[in-house]
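In: Need coordinates for the following:
(chains A and B, ligands or ions: 2)
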Number of protein chains: 2
Amino acid sequence: AFAMTACVTTSDPLPSWNDGQTKTNIITFVTKITDKNSVDFVPKEERIATFDNDGTLWSEQPYYFQLAFAFHQVKLMADKHPEWKTTEPFKSVLADDMKGVMASGEKGLLQIVSATHSGMTAEEFEKSVYDWSTTATHPTTGKLFTSMVYQPMLELLQYLRANDFKTFIVSGGGVDFMRVFTEQIYGIPPEQVVGSEIDSQFKLIDGIPTILREPKLLFVDDKAGKPIGIYRHIGRRPIFAAGNSDGDLAMLEYTTISRGPDDKSLRFGLLVHHTDAVREWAYDRDSKIGKLDLGLDEAPKQGWTLVNMKNEWKVIYPTAK
Amino acid sequence: AFAMTACVTTSDPLPSWNDGQTKTNIITFVTKITDKNSVDFVPKEERIATFDNDGTLWSEQPYYFQLAFAFHQVKLMADKHPEWKTTEPFKSVLADDMKGVMASGEKGLLQIVSATHSGMTAEEFEKSVYDWSTTATHPTTGKLFTSMVYQPMLELLQYLRANDFKTFIVSGGGVDFMRVFTEQIYGIPPEQVVGSEIDSQFKLIDGIPTILREPKLLFVDDKAGKPIGIYRHIGRRPIFAAGNSDGDLAMLEYTTISRGPDDKSLRFGLLVHHTDAVREWAYDRDSKIGKLDLGLDEAPKQGWTLVNMKNEWKVIYPTAK
Ligand SMILES: [Ca+2]
Ligand SMILES: [Ca+2]
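Out: Residues are numbered from 1 along each chain as shown, chains lettered A, B, ... in the order given. Ligands and ions are numbered 1, 2, ... in the order given. As a prediction, the model looks like this:
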């Protein structure tokens, strides 16, 4: 009888989260919206959850991982661009001089991104991201970038999906960059990734259907762009949204703020607060990357759950296998 | 024993399709790609099927149904626009003078679409489409437009989904127009609809998060735009694509043409040929709407299945309940 009792005990859906307000809030929300007898019940098809990526699902320090990919590509492509040895910002990238790269400003970074993300076919770009994602390691942790995902957030994604949520990424990162690995590392398929977009063309080249990536930025999926990206791509208002910076405020507002007295539906907004300087990084109001300033003030007013990473997460990254 | 045998007999997945080449081709394809022991096996997550809408899933004569919606809206909005009584193309719309409307050309149609599809919130637009979709009837058949969907294609969508396909719409129609009713009439959720897109803005208006539709066309999901729409929205090459006009050729090419000697994967291209002047409409090479000219020549060369609507479909529309 003892053994049987143990069998029917529901196992903890969020084992890497310490007991506390966040874990309670999440489980209470999911329990209510999945209970057919609750006034807060939400039909399965409306269970849309959107997650920012950088700083919400994986780390983003000392620079966005997509930039690390771009730097990596500059080095691989340097043979074909002898002029880069003497031209900024490429010269600094090749010399591993991050101060020099950053000194080139936004314009320099755009040049680096453009050179490494366009001017090739969709397949060529995908292969370059795949190769990077399976081999490249982080400058300070030495881990694969793709293993620097947050174990507690993986459990949250899985818990929501187990309760018939469709989980989406809605990130400022390049949509075609993320799609290469989101299914593998998050269980989120390419068609559920919303991100920034560049232009492309379709052509038959030697009879082979080909998509060519063009150096023209079409859409930036950040700030007010996030609700727009959700409207265009998903066409349905989420009931759960998670982010980590002021770039996510519009998405959280769009998701959680009531439309009027008739809109009493239960909504969930979550902000990851980077408070762990030992196991990860600690930054918020003054950070150049992932700045969380207005969000810290808005969270209590809007009823958003602020996750104190240091206190609430038992582990940061998955245990290496 | 007799009754039990009957129970295990597999029922026909496509009952509204006459036995013949198309039905055989479809079932053979699905059987092969779902058979784990077949060299043609395709994992579930890669089972992406894309469908054009107008003329492929529902009728499109005597004019695209989205235009019928626009005409309907012009009449509803006329009170607020007294100048329309004397200004083309609105004057002709209000007078039910279709020749006059068509005489205004593409420019006139764009004015009508712009006036009825932008300058309002996402919710207002959604409500106007919903009201139209549940009440407006077709000028010659008298049926609800939303009941003029093809029963054989509904069965095909259902058959593919029963075999773990994700079914998408990839249509030249406005994405936000279609999304209002695709779940109801096709079982395709909003997030699996790709279409033409206009610009929009996100704002807090009186504290309420609002998406405002802007009169600026951003993306036309037709011809070469279809593979681009698939790349941007789905991020994965389909293994099955269906259309009915030359506007679908690029999508079928993108889906079916081998990428090279290593790409031996099985692919399916389907074109609906409108051959039934009695039960629906008959048109192809010379039609202004849904022109199918190059497609008729390409189909045999590319191995695409051409559906002869008159001969292969037992019924056109679902039987009224
Ligand atoms: Ca972020
Ligand atoms: Ca069509």
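In: could you pull out the helices for chain A?
Out: Here chain A has its helices, by DSSP state H, at A:2-8, A:21-33, A:65-77, A:90-94, A:98-103, A:105-117, A:122-135, A:151-162, A:175-178, A:182-186, A:225-233, A:249-256, A:294-302, A:309-312.
In: Could I get those in a markdown table, plus columns for distance to B:Pro13, mean pLDDT and mean neighbour count?
Out: All C-beta spots, glycine's among them, are computed from the backbone N, C-alpha and C. What follows is the helices of chain A, written out as a markdown table (distance: least, C-beta to C-beta, whole Å; pLDDT from 0 to 100; neighbours: other C-beta atoms under 10 Å in any protein chain shown):
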| stretch | distance to B:Pro13 | mean pLDDT | mean neighbour count |
| --- | --- | --- | --- |
| helix A:2-8 | 39 | 44 | 7 |
| helix A:21-33 | 35 | 97 | 17 |
| helix A:65-77 | 44 | 97 | 19 |
| helix A:90-94 | 56 | 97 | 21 |
| helix A:98-103 | 58 | 94 | 14 |
| helix A:105-117 | 43 | 95 | 17 |
| helix A:122-135 | 34 | 98 | 16 |
| helix A:151-162 | 28 | 98 | 19 |
| helix A:175-178 | 35 | 98 | 25 |
| helix A:182-186 | 29 | 98 | 19 |
| helix A:225-233 | 31 | 98 | 25 |
| helix A:249-256 | 39 | 98 | 25 |
| helix A:294-302 | 49 | 98 | 14 |
| helix A:309-312 | 49 | 98 | 18 |
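In: For those helices, give me a markdown table that also has distance to B:Tyr159.
Out: Shown next, in a markdown table, are the helices of chain A (distance: least, C-beta to C-beta, whole Å):
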| stretch | distance to B:Tyr159 |
| --- | --- |
| helix A:2-8 | 39 |
| helix A:21-33 | 32 |
| helix A:65-77 | 40 |
| helix A:90-94 | 52 |
| helix A:98-103 | 54 |
| helix A:105-117 | 39 |
| helix A:122-135 | 30 |
| helix A:151-162 | 26 |
| helix A:175-178 | 31 |
| helix A:182-186 | 25 |
| helix A:225-233 | 27 |
| helix A:249-256 | 36 |
| helix A:294-302 | 45 |
| helix A:309-312 | 47 |
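In: what residues does chain A put near ligand 1?
Out: Neighbours of ligand 1 within chain A, by C-beta under 5 Å from the ion: A:52, A:54-55, A:244-245.
In: top of these by neighbour count?
Out: Most neighbours among the residues of chain A next to ligand 1, by other C-beta atoms under 10 Å in any protein chain shown: A:Asp52, with 29 neighbours.
In: Could you find the closest non-adjacent residue to it?
Out: Leaving aside its chain neighbours, A:Asp52 sits nearest to A:Gly243 (4.0 Å; criterion: C-beta to C-beta, 6 or more residues apart in numbering or on different chains).
In: what's the answer for A:Ala299, then?
Out: The shortest distance from A:Ala299 to any residue other than its chain neighbours is 4.7 Å, reached at A:Leu306 (C-beta to C-beta, 6+ apart).
In: quick one: pLDDT of the one you found?
Out: Per-residue confidence (pLDDT) for A:Leu306: 98.
In: Smallest distance to ligand 2 belongs to which residue of the stretch 1-150 of chain A?
Out: The nearest approach of the stretch 1-150 of chain A to ligand 2 comes at A:Ala122, 24.8 Å away (C-beta to the ion).
In: Same check on the stretch 201-321 of chain A?
Out: Nearest residue of the stretch 201-321 of chain A to ligand 2: A:Phe202, at 17.7 Å (C-beta to the ion).
In: Just to check, A:Ser171 is in contact with A:Gln192?
Out: No. Counting by C-beta atoms under 8 Å, A:Ser171 does not reach A:Gln192; the two are 11.7 Å apart.
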